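J.: Generate a structure from the sequence data that follows.
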Amino acid sequence: MDYFRPVAMTDPARTSGALPLAGGWCWFDRAEHLTRAGSRGLVAARDLPGDVLARLTAPRPALAGLPLDRPRLMGILNVTPDSFSDGGRFLAPGDARARARAMAADGADILDIGGESTRPGSADVDPDAEIARTAPVIAALRAGGLSMPVSIDTRKAAVARAALDAGADVVNDVAALTYDSGLAALVAERQVPLCLMHAQGTPATMQADPRYDDVLLDVYDWLAARVAAAEAAGIARERIVVDPGIGFGKTAAHNLALLRGLSLFHGLGLPILLGASRKRFIGTYGGGAAEARADLRGPGTIAVTLAGLAQGVQIHRVHDTFETKQALRLWLAVTFGEGA
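T.: Reported below is the predicted structural model:
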């Protein structure tokens, strides 16, 4: 099989063969031709197969009303006692609501609310407990006038149904419809956007000994298959987002390989979500106290986010919304000019 990774560019001086990447802020005039046997070098963009070119250049549809012609921030709100970075901080409903309002004020475009930790080694949470943690918070935010899109971070149909009934707009499934067979039917019925994330193994076992033949191509193929499964279940392609699943069944080296090759995923013709915030590999490579403390990985998270922006990634899932929004604004201003 042939794969084509567009070489994303942001320089305002474009070549005559430049084409828009995913209808966004990046452009490309060449792509790396990849195969399972290795790289076959660069190909001019206009010489790519027509179907490949169409997927790489087509503007992405809006997500829950948010146009994706510019980068978007998804603020993380974990209403859990045991999430790896902020477990217990926002478990109380009042604390969760205050945090949500603060992230909205900081410039988050969408809130992602989860009631089950999927950190390495974590165990399943009973659906009733997960619903009790998430649905009342979503309902209270809507009752308080919060109008921005809200995503429910869950693998379970019952939890997603309760969240959608409470006012959520998007389902973010880290298991990509492989955990609960009822979730696909629910998403199809409600006609809501769905994020499909790659993971190898379950949260309890995924970091035991992750292995790939070629992590970039393996994750791409797996996501392509899950997109096809979602479509077969009645979920419209224009409502699907893909996430390569940084840190979910990957070594630090796997994560770096995925980040270097992120632009390949534009070949699926879908918006890309990047969720690298405060992940362990940031501490591994960043060094110092951040190796052991997730709360010190903010600067490294911003570095990874900016690398994703330079490859045209549309949605960035982060804990530190204020800091990341500031970095995003400065990156846009420096790259495209003061009025960007």
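
J.: Residue 42 touches residue 31, doesn't it?
T.: Yes - with contact defined as Cβ atoms under 8 Å, residue 42 reaches residue 31; the gap is 7.0 Å. (Glycine included, C-beta is placed from N, CA and C.)

J.: who touches both of the two?
T.: In terms of Cβ atoms under 8 Å, 6 or more residues apart in numbering, residue 42 and residue 31 are both contacted by the residues residue 7.

J.: any chance you could map the strands in the stretch 151-300 of the chain?
T.: Here the stretch 151-300 of the chain has its strands, by DSSP state E, counting those that start in this stretch, at 170-173, 194-197, 240-243, 273-274.

J.: List the buried residues in the helix or strand of the chain with the lowest mean pLDDT.
T.: Ranking every helix and strand in the chain by mean pLDDT, DSSP states H and E puts helix 93-106 at the bottom, with a mean of 88. By 16 or more other Cβ atoms under 10 Å, the buried positions in helix 93-106 come out as 96, 97, 99, 100, 103, 104, 106.

J.: ok, of these, which one's closest to residue 244?
T.: The closest of the buried residues of helix 93-106 to residue 244 turns out to be residue 103 (Cβ to Cβ; 23.5 Å).

J.: Surely that closest one and residue 321 touch.
T.: Yes - contact status for residue 103 versus residue 321: in contact at 4.5 Å, counting by Cβ under 8 Å.

J.: Return every residue with contacts to both of those two.
T.: residue 75.

J.: show me the contacts for the nearest residue in space to residue 15 that is not next to it in sequence.
T.: Among residues not flanking residue 15 along the chain, residue 29 sits closest, at 4.7 Å (Cβ to Cβ, 6 or more residues apart in numbering). By Cβ under 8 Å, 6+ apart, the contact list for residue 29 reads 7, 9, 14, 15, 17, 18, 19, 44, 45.

J.: out of the residues you listed, who has the most neighbours?
T.: residue 45 (23 neighbours; other Cβ atoms under 10 Å).

J.: What distance do you get for the residue nearest to residue 212 when sequence neighbours are not counted to residue 281?
T.: Spatial nearest neighbour of residue 212, excluding adjacent residues (Cβ to Cβ, 6+ apart): residue 218 at 4.6 Å. According to Cβ to Cβ, to the nearest Å, residue 218 stands 18 Å off from residue 281.

J.: The least confident helix or strand of the chain: how far from the chain's middle?
T.: In terms of Cα atoms, centre = their mean, to the nearest Å, the centre of helix 93-106 is found 21 Å from the chain centre.

J.: Could you check the pLDDT of the residue nearest in space to the middle of the chain?
T.: By Cα atoms, centre = their mean, the mean C-alpha position of the chain lies nearest to residue 273, the distance being 2.4 Å. pLDDT for residue 273: 98.

J.: Low-confidence regions, this protein specifically.
T.: 82-91, 121-122, 338-340 (pLDDT under 70).

J.: which stretches of it form helices?
T.: 50-57, 93-106, 127-143, 157-166, 181-190, 215-232, 252-260, 280-286, 298-309, 321-336 (DSSP state H).

J.: Packing partners of the fifth one?
T.: By that I understand helix 181-190. When contacts are defined as 3 or more Cβ pairs under 8 Å, 6 or more residues apart in numbering; DSSP states H and E, helix 181-190 sits against helix 157-166, strand 170-173, helix 215-232.

J.: quick one: which of those is nearest residue 78?
T.: Of all the helices and strands packed on helix 181-190, it is strand 170-173 that lies closest to residue 78, at 12.4 Å by Cβ to Cβ.

J.: Packed most tightly, which of the helices of the chain would that be?
T.: Of all these, helix 157-166 has the most neighbours on average by mean count of other Cβ atoms under 10 Å, namely a mean of 22.

J.: packing partners for that one?
T.: Packing partners of helix 157-166 (3+ Cβ pairs under 8 Å, 6+ apart): helix 127-143, strand 150-153, strand 170-173, helix 181-190.

J.: Identify whichever of these lies nearest to residue 313.
T.: Of the helices and strands packed on helix 157-166, nearest to residue 313 by Cβ to Cβ is strand 170-173, at 15.5 Å.

J.: Tell me which residues are up against that closest one.
T.: 63-64, 110, 112, 114, 149-155, 160, 163-164, 179, 183, 186-187, 192-197, 273.

J.: Stretch 207-219 now?
T.: Outside of stretch 207-219, the residues within contact range by Cβ under 8 Å, 6+ apart are 3, 34, 36, 120-121, 198, 200-201, 244-245, 249-251, 254, 257-258, 261, 264.

J.: same deal with stretch 243-252?
T.: Under Cβ under 8 Å, 6+ apart, the answer for stretch 243-252 is 118, 120, 174, 195-201, 203, 206-207, 210, 215, 219, 223, 255, 258-259, 262, 265, 272-276, 279-281, 284-285.

J.: from the chain's centre, how far out does that stretch sit?
T.: Using Cα atoms, centre = their mean, the offset of stretch 243-252 from its chain centre is 11 Å.
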